[in-house]
Each structure stands twice: as C-alpha cells, then as structure tokens.
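Engineer: Build me a structure from this.
(2 chains)
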There are 2 protein chains.
Amino acid sequence: MANTERVLIAGEWRDADATGTFQPINPDSGETLEWTYPVSSRADIDAALEAGSAAAGELLRTPVDKIADFLEHYAGLLGESSSELSAAANLETALPVSPRLADIELPRTIDQLRQAAAAVRDRGWTMPTIDTATNIRSMYGPLGAPVAVFGPNNFPFAYNAVAGGDFAAAIAVRSAVIAKAHPSHPRTSQLLAKVALRAIQDTDLPPATLQIVFHMAPEDGFYLVSHPLIGATGYTGSRRAGLALKAAADAAGKPIYLEMSSVNPVFILPGALRERGEEIVGELHASAMLASGQFCTNPGVVVLQAGDAAEQFIAAMRSRFEAADPGVLLGPGGVHVVGEAVRAMQDSGAELLTGGAPIEGGGCRFQNTLLQASGEDFLADPEGLQEEAFGNANLFVVATDDDELEQIAGSFAGNLTGCLYSHSGGDDDPLYERIVPHLRRRVGRLLNDKMPTSVAVVPSMHHGGPYPATGHPGFTAVGIPASLLRFSMLQCYDGVREHRLPVELRNENPNGNLWRRIDGAWSQAGVAASDAA
Amino acid sequence: MANTERVLIAGEWRDADATGTFQPINPDSGETLEWTYPVSSRADIDAALEAGSAAAGELLRTPVDKIADFLEHYAGLLGESSSELSAAANLETALPVSPRLADIELPRTIDQLRQAAAAVRDRGWTMPTIDTATNIRSMYGPLGAPVAVFGPNNFPFAYNAVAGGDFAAAIAVRSAVIAKAHPSHPRTSQLLAKVALRAIQDTDLPPATLQIVFHMAPEDGFYLVSHPLIGATGYTGSRRAGLALKAAADAAGKPIYLEMSSVNPVFILPGALRERGEEIVGELHASAMLASGQFCTNPGVVVLQAGDAAEQFIAAMRSRFEAADPGVLLGPGGVHVVGEAVRAMQDSGAELLTGGAPIEGGGCRFQNTLLQASGEDFLADPEGLQEEAFGNANLFVVATDDDELEQIAGSFAGNLTGCLYSHSGGDDDPLYERIVPHLRRRVGRLLNDKMPTSVAVVPSMHHGGPYPATGHPGFTAVGIPASLLRFSMLQCYDGVREHRLPVELRNENPNGNLWRRIDGAWSQAGVAASDAA
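Structural biologist: Numbers count the residues shown, from 1 in each chain, chains lettered A, B, ... in the order given. Coordinates of the predicted model:
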C-alpha cells in the first residue's frame, strides 16, 4: 500500500493501520479516480481517541481568542484555496464548480467558520445564568472531550466533517474533532484537512485539534461513538447507518446528534393552487432539482387536493421533469438508493408518472421521476410512502377532501421541514388552521409560501426536527449559536470562589457585551460585588 | 377487588384494569397499611395515552393564563391540605411531618408550582429568537403530546409524579401528564392527584391534563415510554429501572430524561482539613444524615489525603455516626439496597469502620455505616466503589498523595454534584487546580466549601449531570425555566405570515416584558414592522 494516502492522527499525516483500501469514483463519468485511501482499523481509532482526548484537555486551557483566530484563519485559507478545493469536490461529487461549489457552498462554509469564531469571542452561546442571592451560577460549557463527526455525501464543504457546521460547532465549544470523512469524497476531505492542519499550526492550537480517517468498518464506528473517551457525536447521513450508531451511543450513555432523513412535506392548499399554481410549479421544480434532489430539505412529498387545478399542477410538473436533463447523482450508491425508494413507493401503491429507471452509460444518473398516490393509498401505508428517495424522484399525494388532507398531515413522521402554501387573500385559512397543529409537532421548520431548500445560517434557523428526522427535537445542526449547544454540557457553580469561576460567570462582564441572565433578566451589565452573596 | 383504590384516567377515578394489587408499608413499624392499590394493565396505559393525547391537543389551544391559574390554584389547594398530606406521606415514608414534610418539602413543592406558573405567564423559557432580515423566527415550544412522569420514593411531594418538578415543567409546556406514582407512597400520590383534579376542574383545564396509575409491569413501562403517542418521559429513580426505560425509549426515538444515581464525591483538600476539619465533620455528618442518606445528592464518597488530620476526621465522623440514632429508611427495599451496596463496596476492597447490618425489629432501619478504602483500592475498582448506597452508608477514600488524589478525581463516573473544600487562604489552590478539570466534566454542579444536599430552586440550579447520573448532560430536573426545556422541542417559523405566528414571535412583544433575542441581542422591545422582512 505504498501509494495509499495517509490519515491525520495526533498532528501528523501517517500511514493508516489499514484493514483495506478504497478509491473514489467520478460520478459524472463513472470512472474510478486515481487516489487510494485506507480503511482504518481500530488501532487508528484508539490512537485518535487518545490524542483527541489530550487535545481536548489542552483546548480547555486555550484562550478563546486563539480558538477564534484559528477558525477565522482556516476560513481565510479556504477562500485562498477555492479553485483547488472546488475542482477536487467537483471531480468526486459532480456538483458544478460554479455556482454551486465555488460561489455558494464554499462561501457558506467560510461564513459558518467566521460565525463560529464570532460566537467564540462573544461567548453568548454559554447563556450564563447568575442568581446573586444564592450565589449559584451556571452556563453551558465544554465537554472536555473529543467529538466524533461523521460527514455526509451531499455537501462536500458545508457539512464536511473537517470544515462544516458540526466541525465549527465542536471546535467553538473547545472540543477536538475526530472526523470520519465521507468515503465518496475522500480527496476533498483530505485537502480541507490539510488546510485545517496548516491553520492549526499557524495559530498554535494543539496538533490533534483535528484528526481524520477516511473509512472504517461499521463496528469500529460503534466503538468510536460509544467509547469512554468520546464526548459526543455529530452525524449526517442515511437513516440506516444513523440508527445503528445511535443504538451504540445510546447504550453507552453518549450524546449523539443525528440528521438522518426527511421527505419535507409540502402542502399546497386549494386556494393557493387556484391562485398561483403555475408560479408554485416553478418554485417546486427549482427546489426539487437542486443538486438532483440530493438535499436534506428536498420537497419529497407534495400534498394536493383533488380537482382540475391539482391535475394541471401535476401535468405541468411532469412536463418540466420530462424536459429537464437528469443531473448527476453523487455516486453509484445514490442511483441505487433512488431506484430502491421508487420501487418501495410503487410497492406501497404509488403510480409512476414519469421516469423510474437508472440511465445507462458511464455516469451516475437516474431519470427525473414523479410518482403519484391517492390520499387513501398514503393513509393505508404512510411509512412506505415516506421513503426518502434522496434524488430526483418526488411523490404527489392527492387527497379527496379537507378531512383526508388533515389525516394525511397527521400521518407524517418527524421531518426537518413542512411547507404550507395558502391563498394570499385568506381563502385557505380555515383549512390551514386544521393542518398546522399536526404539522407543527412533526417538523422542525414550518414554512409559508416557500420551498424548504434554502437553509439560511442565522441564529433563528432550525435544521433539525422530531425523530426520525434527527435523534432529538430540541437541537439544530445549523444556526449559530444554537448548534453549539449539542457539544456542550450544563455546568453549575454553587458557592464557588469568584476567582475560580469561568470568566463568563464572574461579577465583571468578561467582554462588556456578553448577555447574561442575572436574577431573571438578560443583561450586559456586571454583577455588583455587593449583590453577590 | 371491591376495596381496591381507583386510577385516574380520562378525568375520572375508575376501576383499574388490574393485573394484581399491592399495599403500601409503614417503614417505621414495618406494618402493611390498610389501602389496596391496583397494578395497571396495558389496557389502562392505552386508555391513558388516548385521553392524554387528546388533552395535550386541547392544551395547545388553552390560553397561558389558564394554565398558570391552574398551577397557582393547585399550589394554593396543596397549602390548604398540608396537614392531611403530610400525615399521609409520613405514614408511608416515615419522613417527619415537621420540619421535613410540612415545613420544607411541601412549601418547596408549592413554590415550584408557583414558579412554573410565573414561567408560563412570562414565556421566557421559550427563548424566542427573531432574525428580521430573513424573517426566520424560532422558539422552544410544546411537544403537543402527553409526557410520562415516573416519581421516585424519596420525595413524596417535591418529585411526586403528580405534583413535583417534572409535573410542573411538563404542564408549563402544555403537556398532559401520565403519572406513574411510586408504589412506596400510593396514598400520598392519590391524595395529591385528588387535589390536582379539583384544581383542573376549578380552572376548567382538559380533564385528562393529569392521569395517574399506581403500578405497572416493567414491560408496560417500556411500552408507555416508547409509544407513538408519548411526547417524552421524566424519570427519577434507580439506575437499573432507569436504564431499562432508557433503552426502550431510545430505540423508539422518544426523549427520556432520567435522574438515576450519584455518589456526589466530596474532596476535602489537606489545607481545609488542617484548617477546619472539625467544622467540616459537622457539615458532612448533617448532610449525610439528611433523610437517612436517601438524597440524590447525598455525599456518598468523601476523598481525603492520608495523614493525621484525615485520621482525626474519620474518627470524629465515626463517633458521630455511632452516636446518632439510625433513621428509618423508606421501605424494606431501601434496607436491602443499602445492605447490597455495603457488601459490594466491601467486595471491592473497602473496610467496614462501623455499622454494616440491618437493624432487627419491625421497622426499616440500617445501622449508620461508614466504610474506608485506600486510593489504591479505589483506582483498582472505581466502579465497585461507586455503588450508590442510597441510605446511611458513606465511604471514605484516602489517597496517599496529590498524584493519587488527581487520579481518583479522574476515575469518577458522571455525578450530579462534586464538592471541593479547600484552605481559605489559598494553601490548596495548586492542588485545587489539578483536581477541578477532572471533576468539572464529570459533575453537573460543582461546589466550593459546602455540602451538596441543598438544592435551591432557582434559575441557575443544575440538578443533572453526565451519564450515568442522568441520561444527558445538558438538561436539569430542577431550576425554572431551564427544567421546562426537557419537555419542549425547537420550533422554527420561516416566512410564516405574522398573524399565524405564536404570540411569542410576533412583532409586538406579547406581554411587554418577554426577553427575546432579536437580531442577536436580547431585548424586551417589539420588532418594528419596517424591520420585519
């Protein structure tokens, strides 16, 4: 394995203790790419845990400005490497360099790192709570342990285990990251990790602040997420692998945050359909085709009420799907997953309107696919018709009346998002009121009159939702500072001498602008020493 | 079963669908009490889930003032019933009426309900976050589903499933509660539930806002916490039962918050021992003897450094333990648990200093018990020597030097609390700095120079901690509003029309004093309509 790429462990690129190797594929051509990556053994995992644990201990003593400096420096270096990174990611994912990779996803990734840096300096994520009469003070604080991050296949930058949202959040909370790159884009991950290591060295953080392996056996993944030295895990990927990791982590009492699957129901109520069906067809088509449908927030299931307007809507969508060139999927696995989901939906009663088969030839493509089911079909097998296709295959569900529409809303499992299009003049309001209580408790983000695929990185964003969309309905993977809380613990100080408190909890406001909840009210003031018990 | 007491399901006291019956015991005399309670079957659980689910739906539409009115009215009625309730609890738990039950625990329970009512009116627990440029708004909101609450044996009021902290938090978040009373005090729970039902009726809440069963088979508990209709579970009790419930809930993706076990390590550093050993002996003795040691925060393991001062400290503690009358434990099971733990610690190398055996006679008593182990013993079997006795049995661990003391600190599992006593003049500061990083990540609440048994119900309190003390290190069972978050979910609104938003997220501040994070800064102001996208 002389030409096998190296893993980054304990601050050094070194030969993996490998149980095998693999090579990435160019999904556009179907050809195997030239690089060979190792499948790490448990020995690599053990070494990473050991070094990551020591690094997490050091990070507890590292000034916040240094951690913020690293995040900003890394962001800056990523910007400088944009061409090389985008070319590498394009080769492994077939996502277009422009605008997707170079103009949207990498800038978003850089922005996330900068936002995380600002959160580190601001310290507001710690939500300090001080009660002066009892002299009890608490805040969210670091776990003091490394965090494992498993990246997905569909965002080679913004969710990459060595650069994305989970990485930024974990570092901001002073955890070292043990990254498991997605094996569909190892070279992109490797290049990112090289940039990260340079930023680590330049800013003098502990060398093992980031470690990366490229692949491991499932049982070694279970070992990692349940290991006594691990603090928590962030995972984005398939439901099957996510649930297996969750079972391992849960059994060991280790927090794990998973983003697993979502069909993101879109309800287009009758008044909206009449009023602006054609406009919404355009929105739906654009949203559904983003990255060939390989978005966590892809509008997978669209619910309409039967009638002429619905028929026209579906026909218009079908024309657009048939006219559009099928995009490239992320790999051969992606083609297989879409095919399986389409078959499963057909088995559950859905009718194929168009598409339905892989496209022959070298690349990874599937026909643009639409399916349709009746409300009755959906209610008879809601699970079977909520199979996430994760690609360019979408399902229409057509309800006969308001009652059935409401029942359908009440039959969805947990999802990241739920959209409701309604008449601008209020014609749909009574029906909206019936649908929304069902949807509200089933989705993390509820939208009006827009598609779910735009995920703004702002504090109020919630990219999460009830199981099985994620593992816990109270946490978000996107949106700073909230996403940081996943990798923290609540830490209370009872009667602790003032000079021993974290600066966030001392009487003086540590930076003059930290918001703290003092005796019940949010404040940027200091605590008067005379108030402090 | 003509004289079997009834369960409260769907707003009515009705005959249980019982698989058996049980009777509570007076732990002071060991005699069986006169009342007979049912063990509920799955049919009862199904009925409670159905009714609780409907009630949770209704509670979503109930004005907050009405929910707050209920909590306050219930609190007031509890105050009026203090004599009857305290007498009943005393009979079933042997905890003294005065001061414990009537003067401390019931007032605390009443205060918790009132604080929850204030949190409901204040709405601050929802932490509204508004970004005006994107018009994305989010908050913590209700699960829209019933919450199961399992109460423990040791606080018949303050943690009771029908009146305690979990109950108050779940109701405040608009969940209906399905309560599983602790079978050691069914009559106390029944009387409380009767008062609660009266308050529900007086304030016109949905009748199934509270339901109670008194006992069920373990597998029916697993069924309850993993049922599709359940929103989440709060549990306080033994680690064994808690872990079994956790496994069931985890496998179904249902949130469960568990407070399971804790030995609450107390480190008395050498300078403090020299400086004020005698004073600390008094504090430790008082803390350890509270409710015969049956506190979640009982100082179970005390770590000292070898030397004359340590020997004097241990001898003084032994004298006090031997001179004190052993208190009554909560039941025959409690006597058994203490005996098992003492034996387990001896098996793991601890030496018995005093006590060690049950006290013969009718009541439930165990000799005041002290054990001692060397640091070497502890490090050889840290798990065996962290067996929670949950009673009047405490362990000293004596370290040979600073290094061993630090290693011991690094060998504790997750705990609710950790205490550090140190020299007032700073003599212990270098050692403190070595110990505290180990302890900080292992405990929820870190204390200086005080014992852990006082749990103030203030916003900054954290009654929780890393596994296996609880199931997640980010949540607290005590401290309002933070404890409410356990029974909530994060809810985001993206582009939702303003009149459809929850009042917490509309432009106008709903009560003029709600703190909201608007464009990154906490504020009590409204959002200018011109700022809102």
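Engineer: Okay, buried residues for stretch A:186-205 please.
Structural biologist: Neighbour counts over stretch A:186-205 (16 or more other C-beta atoms under 10 Å in any protein chain shown) mark A:186-197, A:199-200, A:203, A:205 as buried. Using the backbone N, CA and C atoms, a C-beta is placed for each residue, glycine as well.
Engineer: just stretch A:206-222 next, same as before
Structural biologist: A:206-216, A:220-222.
Engineer: Okay, residue A:471 and chain B: tell me how far apart.
Structural biologist: 7 Å (C-beta to the nearest C-beta, to the nearest Å).
Engineer: For that residue, give me the backbone phi and psi.
Structural biologist: Backbone geometry at residue A:471, expressed as degrees, to the nearest 10, gives phi -90, psi -10.
Engineer: Contact partners for it?
Structural biologist: With contact taken as C-beta atoms under 8 Å, 6 or more residues apart in numbering or on different chains, residue A:471 is in contact with A:242, A:246, A:256-258, A:260, B:253.
Engineer: Which of those fall in strands?
Structural biologist: Among the contacts of residue A:471, the ones falling in strands (DSSP state E) are A:256-258.
Engineer: Tabulate the buried residues of stretch A:206-222 (CSV), appending secondary structure, pLDDT and distance to chain B.
Structural biologist: CSV is the format used below for the buried residues of stretch A:206-222 (DSSP: H, G, I helix; E, B strand; the rest coil; pLDDT from 0 to 100; distance: C-beta to the nearest C-beta, whole Å):
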residue, secondary structure, pLDDT, distance to chain B
A:206, coil, 98, 15
A:207, helix, 98, 20
A:208, helix, 98, 17
A:209, helix, 98, 17
A:210, strand, 98, 21
A:211, strand, 98, 20
A:212, strand, 98, 24
A:213, strand, 98, 25
A:214, coil, 98, 29
A:215, coil, 98, 27
A:216, strand, 98, 23
A:220, helix, 98, 21
A:221, helix, 98, 17
A:222, helix, 98, 14
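Engineer: ok, these vs residue B:97, which is closest?
Structural biologist: residue A:222 (52.1 Å; C-beta to C-beta).
Engineer: give me the number of residues near the closest residue to the closest one other than its chain neighbours?
Structural biologist: Distances taken as C-beta to C-beta, 6 or more residues apart in numbering or on different chains put residue A:248 closest to residue A:222, at 3.6 Å, once the chain neighbours are dropped. As a burial measure, residue A:248 scores 21 neighbours (other C-beta atoms under 10 Å in any protein chain shown).
Engineer: Please report how far residue A:248 lies from residue A:148.
Structural biologist: Residue A:248 is 11 Å from residue A:148, where distance means C-beta to C-beta, to the nearest Å.
Engineer: Which residues are in contact with each of the two?
Structural biologist: Joint contacts of residue A:248 and residue A:148 (C-beta under 8 Å, 6+ apart) are residue A:225.
Engineer: pLDDT at residue A:533, what is it?
Structural biologist: pLDDT for residue A:533: 54.
Engineer: Pull the contacting residues for the closest residue to chain B within the stretch 251-400 of chain A.
Structural biologist: Nearest residue of the stretch 251-400 of chain A to chain B (C-beta to the nearest C-beta) works out as residue A:253 at 3.0 Å. When contacts are counted by C-beta under 8 Å, 6+ apart, residue A:253 touches B:414, B:466-468, B:471.
Engineer: Let me know the closest of the residues you listed to chain A.
Structural biologist: Among the contacts of residue A:253, and counting by C-beta to the nearest C-beta, the member closest to chain A is residue B:467, at 3.0 Å.
Engineer: Now that closest one. Its backbone dihedrals?
Structural biologist: According to degrees, to the nearest 10, residue B:467 has phi -50, psi 140.
Engineer: what does the one 3 residues further on give?
Structural biologist: When read as degrees, to the nearest 10, the backbone of residue B:470 gives phi -140, psi -170.
Engineer: Check the one 4 residues further on too.
Structural biologist: Dihedral angles phi and psi of residue B:474 (degrees, to the nearest 10) take the values phi -100, psi 0.
Engineer: count of neighbours near it?
Structural biologist: 25.
Engineer: Who are the contact partners of it?
Structural biologist: Per C-beta under 8 Å, 6+ apart, neighbours of residue B:474: A:140, A:255, A:485, A:488-490, B:464.
Engineer: Those residues: which two are farthest apart?
Structural biologist: A:485 and B:464 (14.2 Å).
Engineer: now residue A:137, nearest residue through space, not along the chain?
Structural biologist: residue A:505 (4.2 Å).
Engineer: what about the one you found, how many neighbours?
Structural biologist: Using other C-beta under 10 Å, the number of residues around residue A:505 comes to 25.
Engineer: per-residue pLDDT, it?
Structural biologist: At residue A:505, the pLDDT recorded in the model is 98.
Engineer: isn't it right up against residue A:130?
Structural biologist: Yes - the criterion here is C-beta atoms under 8 Å, and residue A:505 meets it with residue A:130 at 6.4 Å.
Engineer: got any residues that touch both of those two?
Structural biologist: residue A:137.
Engineer: Check what pLDDT the closest residue in space to residue A:237 that isn't next to it in sequence gets.
Structural biologist: Distance criterion C-beta to C-beta, 6+ apart; nearest residue to residue A:237, sequence neighbours excluded, is residue A:152 at 4.9 Å. pLDDT, residue A:152: 97.
Engineer: ditto for residue A:528
Structural biologist: Per-residue pLDDT puts residue A:528 at 86.
Engineer: isn't it right next to residue A:509, touching?
Structural biologist: No - contact between residue A:528 and residue A:509 fails when scored by C-beta under 8 Å: they sit 11.8 Å apart.
Engineer: Show me which of those two is the more surrounded one.
Structural biologist: More crowded of residue A:528 and residue A:509, by other C-beta under 10 Å: residue A:509, with 20 against 10.
Engineer: which of residue A:485 and residue B:464 has more neighbours?
Structural biologist: Between residue A:485 and residue B:464, counted using other C-beta under 10 Å, residue B:464 has the larger neighbour count: 31 against 20.
Engineer: Measure how buried residue A:372 is and give me the count.
Structural biologist: 20.
Engineer: Tell me the secondary structure of residue A:78, please.
Structural biologist: Per DSSP: H, G, I helix; E, B strand; the rest coil, the local secondary structure of residue A:78 is helix.
Engineer: Let me know the pLDDT of the closest residue to it other than its chain neighbours.
Structural biologist: In this structure, residue A:78 finds its nearest non-sequential neighbour in residue A:110, 5.4 Å apart by C-beta to C-beta, 6+ apart. Here, the pLDDT recorded for residue A:110 equals 98.
Engineer: Contacts only, for residue A:110.
Structural biologist: Contacts of residue A:110 (C-beta under 8 Å, 6+ apart): A:75-76, A:78-79.
Engineer: And residue A:341, by the same measure?
Structural biologist: Residue A:341 neighbours (C-beta under 8 Å, 6+ apart): A:387-391, A:393.
Engineer: how about TSV for the residues you listed, with distance to residue A:380, pLDDT and secondary structure added?
Structural biologist: TSV is the format used below for these (distance: C-beta to C-beta, whole Å; pLDDT from 0 to 100; DSSP: H, G, I helix; E, B strand; the rest coil):
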residue	distance to residue A:380	pLDDT	secondary structure
A:387	15	92	coil
A:388	19	93	coil
A:389	20	93	coil
A:390	24	94	coil
A:391	25	96	coil
A:393	21	97	strand
